Each structure stands twice: as structure tokens, then as C-alpha cells.
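K.L.:
The following comprises the amino acid sequence and a computationally predicted model.
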Amino acid sequence: MRLWLVAVGQRQPAWAEAACEDYLKRFPPDCPAVLKAVKAEPRTQGKPVEALKAAEAQRLAAACPKGARRVVLDERGTRLTTLQLAERLRAWQHDGRDVALLLGGPDGLDDSLKAGAEESLRLSDLTLPHAMARVLLAEALYRAWSVNAGHPYHRE
């Protein structure tokens, strides 16, 4: 199984790129994690938000591996603790399919992606900058992996 962080936005601040890459490279070969960034739709005057999200949804869907479990990150998604995310990660590993975790652009995810997802998770009750959300997701997944592996990274 491979974890795919599929996110809108190809340019992030250097600190976020470095932090996200640091967490992703910590994953072991039997559970690799990869970031797949897609182009954000240009925010031009007069273009409706729904059209922007629809264009980004097409890019996100195309970037997802065929047959992967789709999990969207949404402010209305299921709230999980670290231990609950570790349980979820364990279940995903037993399923064997790749998991694509989708992070939307500045306006969020298109409803079509939300409707087609197998799961919906929330990272925080707070509104997060997109760069921070990527880092937070990478760290949370690594922490969940460390719990399952008995690695001392997480302290309960």
C-alpha cells in the first residue's frame, strides 16, 4: 500500500516543502508516502468559484492512482484522534489498496470529489493555510504509522 497526498498547488513556501518532504521520507518502504501536487486553477475575475473547483477536481481525480481508496480532507469530515487515525491506517493497510488523500485548493474541494470519496476526514476545526495543511497531514500520517509500528515518536 502507498499513501498519496494529492494536493492542489504546486508552489508552496520553502519551509512547507522541506517539512512535508521530511515527514514523507520517514515512511518505510512497505508503506511509502508520496506527494502529488496539481496545478491550481488561476483565480481570475469573473470566474465562478464552482468552475474553479470543478477544474481542480478534474486534475485531482486524474492524479489519483487507479483503484485507490479516495479520502477527502474536509472541514466537515470525521474528527479523529491520533490513535483513531492509527487504527484507520492499519485498516487501510489490511485492505491493501493505495490510499489517495485529497487536499483542495483555496476554495476547497468540489462536491463531486466529496460525493465520490470513500471517507472524509478533518485535520482541524481551525482554518489552515494550505501549506500548513500539507505538513500537518504528512506529520499526522507519520505519527499514526509510528503508533502502529511501536516506534517511540508518539507519546501518549
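P.N.:
Right, received. Where do you want to start? Remember, predicted model here, so these are calculated numbers, not experimental data.
K.L.:
Would you mark the buried spots in the helix or strand that contains Y142?
P.N.:
Remark: Y142 resides in helix 130-149, with elements defined by DSSP states H and E. Applying a neighbour-count criterion of 16 or more other C-beta atoms under 10 Å, one finds 130-148 buried in helix 130-149. Backbone N, C-alpha and C define where each C-beta goes, glycine included.
K.L.:
Hmm, E156 is touching R143, no?
P.N.:
No: with contact defined as C-beta atoms under 8 Å, E156 and R143 do not form a contacting pair (10.8 Å).
K.L.:
For those two, list the residues in contact with both.
P.N.:
The contact sets of E156 and R143 overlap at T82 (C-beta atoms under 8 Å, 6 or more residues apart in numbering).
K.L.:
what are the phi and psi angles of the residue located most distally from the centre of the chain?
P.N.:
For the chain, the C-alpha lying farthest from the average C-alpha position belongs to G46; by C-alpha atoms, centre = their mean, that distance is 29.3 Å. The main-chain torsion angles of G46 are listed as degrees, to the nearest 10 and equal phi 90, psi -10.
K.L.:
same check, this time on L121
P.N.:
Per-residue torsions, L121: phi -120, psi 150 (degrees, to the nearest 10).
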